[in-house]
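please work out how this folds:
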Amino acid sequence: RTLIDRFGIKTPSPATPAGALSGGNLQKLLVGRELAHEAPLLLVEQPTRGVDIGAVRHIHDQLIAYRDAGHAVLLVSAELSEIRALSDRVLVMYEGRISASYTREEADERTLGLALAGAEARPA
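Model (predicted):
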């Protein structure tokens, strides 16, 4: 019930099986469940894939609050806008290795695009 309220999960009943939820509501449930553990490190991969814009904002806010509470969040995402919005530091992988490291301020779209393509990558 706490997760349903905190994350705005739309469900006919708290007893509804997770598998019966829509994709977006299932995603919100999974993110909420992981945040509830309050682990010192949270690995989050594609946390907003398949959710509506309102849910994206809510999930982003929750991840930022988790970070601000002193937890580490390792975000893996194919969405550059999500990476730039949430990250304090951005690591770029190219050919299976970390090829570059940037601060939030350095991580503009052009710089990241070049690094993702293997050009102008700086050692991490």
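
show me the contacts for the residue nearest to residue 33 when sequence neighbours are not counted.
Spatial nearest neighbour of residue 33, excluding adjacent residues (CB to CB, 6 or more residues apart in numbering): residue 3 at 6.5 Å. From N, CA and C alone the C-beta is placed, and that goes for glycine too. By CB atoms under 8 Å, 6 or more residues apart in numbering, the contact list for residue 3 reads 9, 29, 32, 33, 36.

what comes up buried for the helix or strand harbouring the second one?
Looking back up the chat, that one is residue 29. Applying DSSP states H and E as the criterion places residue 29 in helix 23-36. Across helix 23-36, burial judged by 16 or more other CB atoms under 10 Å covers 24, 25, 26, 27, 28, 29, 31, 32, 35.

could you find the closest non-adjacent residue to the first one?
Read it as residue 24. In space, residue 24 is closest to residue 51, 4.1 Å off (CB to CB, 6+ apart).
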